[in-house]
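Chemist: Give me a model of this one.
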Amino acid sequence: MSQNKVKLIMKRNILLLILFLSAIELCQAQFTTDNAVITGKTVKPKGPEWMHNAVFYEIYPQTYYDSNGDGVGDLHGIIEKLDYVKSLGVDAIWLNPFYESPFRDAGYDVSDFYKVAPRYGTNADARRLFEEIHKRGMHVIIDYVPGHTSVDHPWFKEAAKAEPNKYSNWYIWTDDTWAGGIDRNQYNFIQGYSDRNGWYMSNFFWHQPALNYGFDKPDPSKPWQLAVNHPDVLALKKEMENILRFWLDMGCDGFRVDMPGSLVKNDQSGECSKYWNGLRTKLEKDYPDIFLVSEWSNPKEALRGGFHADFFHWFNGYDDLFRIRDDKKPFFDAKGQGNMSRVMSLYMDQYNSTKELGYISIPFANHDLSRINDMGRNPHDIESVFAFELTMPGIPFLYYGDEIGMRQLNNIPNTEGSYGNRAGNRTPMQWNRRINKGFSDASPDKLYRTIDTSANAPTVAGCENDKTSLLFTVRQLIKLHDSEPAFSAYAEFVPVFVKESTYPFVFIRALGKQRIMVVLNPAAKDCTADFTINYDAVKPVLLAGEPLEINQNTKKYTIKSKGASWSIYRLNEK
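Modeler: Numbers count the residues shown, from 1 in each chain. You can find the predicted model right below:
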């Protein structure tokens, strides 16, 4: 075969590949559905019974409430505000890290997994907090950071010594400070840190050395790459399991696990999933109601790996939902330029593969994501976002302060590693109009982080008795979520109107004979949806930002929604 003919064949194959990939992308971008079949039949995933209807509330301890006037929130402060948390109607609390730490990364750099940091209180305070949460009929999970520690952790101080010891292999060190062959594009390595001859691998910041869960298929030419069953790796895993048992015995109900899919390096065989499945099995023998939610952002991996739920937000397409900044065009924006069909294509691929295994959570904000009230977002957008969060399948997680519409603050100085948008989404909770918005009695210059000082900054006190407030709507939505079986985490989910760059988004939740239709139109324009479903009547609205105009011809629906609106209707039972 001539060289020119070979080139022509190669070009043809490349062109076919491009066309194939383009077709896949086009298919993903144009998720549509019609003549949807709704059965109400589902399978409830295995796990503690309380998780199936739970709504979580995330609390960042250092900025929630300062009970002793030192400018930093604390555990006593959270206890004092538990009645407010209960009043929201939520079922569970997620606490961000409160462990001993040098706080170069706001507590995600742990120096003692067994001890509460003094600025938050004591271990006894943590036990009492768990007890008080349980007294109010709620559950509590805490952050667990298994992938790294602080360089100030005693384990790492020992591992950094030149002479071998028990902890030498509890972290990932190379065996020669001058050796090449380190893949810096895949991993972070720090050189020349101590007398030990080698580089150590870090996760994220330089001061967060990676704990050693081993390598899948270690490179024989790099003896420092240990297998997942190496005795020292197994010893570390056992100690990390002891930490979980310690806090479960203290009274917590489970854990939000930080980056669990990153533990085993070069994982090509699913070793991370095997590890978590094995750990869950062991823990459930002694703690049958334990709940585990992962920051894997790949439900197919996480839920098959033993987690009850997974946060789905670190994926290409998440910005199509909420993020206004950086010239994004999210669906939940008054401009009406978003594309829900692309999001649904990605979501349904994960949902259909995992709905019998566990739950997907799509958080619209948390300690790492910009607040939903960002860049002058329309208040109606925020209502529709909560309507989305509290009616979709899976487990909703709400971030403190979002229920009153706290703003994302821009140009906030870094504190404890909160670079970029993380500084502006971790500002103190705004309770009232008193000093520091009721967060702390300290002088403003002593606060952990600056507070929103604007005159019209929303506060809990200002929203409490206002039926037009976001807080009032959020409480209504949470109550509806709790009272309607079709909003259970496992209830059937059927999108009935999702079209390319088109509003509104319409879906149905179903369980048994109950059917509830949700219509979301955050765009500041009137929109129409035409679809066919196997139900021929609509009962009065359950809850609505705006009522709908619904025209029906047997099973053919035409819905007209007003601009910046959301509505929740009940369909007649069969």
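
Chemist: Average pLDDT for stretch 151-159, rounded please.
Modeler: Averaging pLDDT along stretch 151-159 gives 98.

Chemist: gap between it and the chain center?
Modeler: Distance of stretch 151-159 from its chain centroid, counting by CA atoms, centre = their mean, to the nearest Å, is 30 Å.

Chemist: Could you give me the buried positions within it?
Modeler: Buried residues in stretch 151-159, defined by neighbour count with 16 or more other CB atoms under 10 Å: V151, D152, H153, W155, F156, A159. Every C-beta, even on glycine, is put in place using the N, C-alpha and C of the backbone.

Chemist: Any chance you could list what contacts that stretch?
Modeler: Here stretch 151-159 makes contact (CB atoms under 8 Å, 6 or more residues apart in numbering) with 102, 109-112, 149-150, 160, 165-171, 173, 193, 196, 200, 207-209.

Chemist: Who are the packing partners of the helix or strand encompassing M344?
Modeler: In this structure, M344 sits in helix 340-354 according to DSSP states H and E. Applying 3 or more CB pairs under 8 Å, 6 or more residues apart in numbering; DSSP states H and E, one finds that helix 340-354 contacts helix 3-29, helix 299-304, strand 359-361, strand 492-497.

Chemist: Strand 492-497 and that helix, what's the angle between them?
Modeler: Following axes from the mean of the first three to the mean of the last three CA atoms, to 10 degrees, one obtains 160 degrees for the angle between helix 340-354 and strand 492-497.

Chemist: which residue ranges form the strands in the stretch 101-250 of the chain?
Modeler: 112-116, 139-144, 188-190, 200-202 (DSSP state E, counting those that start in this stretch).

Chemist: Could you dump the ones you listed into TSV with mean neighbour count and mean pLDDT added?
Modeler: Output for the strands of the stretch 101-250 of the chain, formatted as TSV (neighbours: other CB atoms under 10 Å; pLDDT from 0 to 100):
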stretch	mean neighbour count	mean pLDDT
strand 112-116	17	98
strand 139-144	22	98
strand 188-190	16	94
strand 200-202	21	96
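
Chemist: quick one: the helices in the stretch 151-300 of the chain?
Modeler: For the stretch 151-300 of the chain, applying DSSP state H, counting those that start in this stretch gives helices covering 154-159, 231-250, 271-286, 299-304.

Chemist: Buried deepest among those helices, which one?
Modeler: Comparing the helices of the stretch 151-300 of the chain by mean neighbour count (mean count of other CB atoms under 10 Å), helix 299-304 ranks first with a mean of 23.

Chemist: Any idea how far the helix or strand following that one is from the middle of the chain?
Modeler: Sequence order places strand 309-311 as the next helix or strand after helix 299-304, per DSSP H and E. In terms of CA atoms, centre = their mean, the centre of strand 309-311 is set 7 Å apart from its chain centre.

Chemist: swap in stretch 260-272?
Modeler: With CA atoms, centre = their mean as the basis, stretch 260-272 stands 20 Å off its chain's centre.

Chemist: same check, this time on stretch 293-308
Modeler: 11 Å.

Chemist: from now on call the first residue 15
Modeler: Sounds good: first residue 15 from here, last item stretch 307-322.

Chemist: Which residue ranges of the stretch 415-564 of the chain form helices?
Modeler: In the stretch 415-564 of the chain, the helices defined using DSSP H, counting those that start in this stretch lie at 435-438, 474-477, 484-497.

Chemist: of those helices, which approaches I386 most closely?
Modeler: helix 484-497 (10.1 Å; CB to CB).

Chemist: what separates the closest one from the chain centre, distance-wise?
Modeler: So, by CA atoms, centre = their mean, the centroid of helix 484-497 is 20 Å from its chain's centroid.

Chemist: Please apply the same query to stretch 434-446.
Modeler: That offset, for stretch 434-446, works out to 17 Å (CA atoms, centre = their mean).

Chemist: now swap in stretch 389-398 and tell me
Modeler: On CA atoms, centre = their mean, the centre of stretch 389-398 falls 20 Å from that of its chain.

Chemist: again with stretch 214-222
Modeler: Per CA atoms, centre = their mean, the centroid offset for stretch 214-222 relative to its chain is 23 Å.

Chemist: Start and end of that stretch, how far apart?
Modeler: Length of stretch 214-222, first residue to last, CA to CA, to the nearest Å: 10 Å.

Chemist: what's in contact with it?
Modeler: Stretch 214-222 is contacted from outside by 116, 118-119, 122-123, 161-166, 173-174, 185-188, 201-204, 207, 223-224, 273, 276, 279, 431, using CB under 8 Å, 6+ apart.

Chemist: Tell me the buried residues within these.
Modeler: Members of the contacts of stretch 214-222 classed as buried by 16+ other CB under 10 Å are 116, 118-119, 122-123, 161-166, 173-174, 185-188, 202-203, 207, 223-224, 273, 276, 279, 431.
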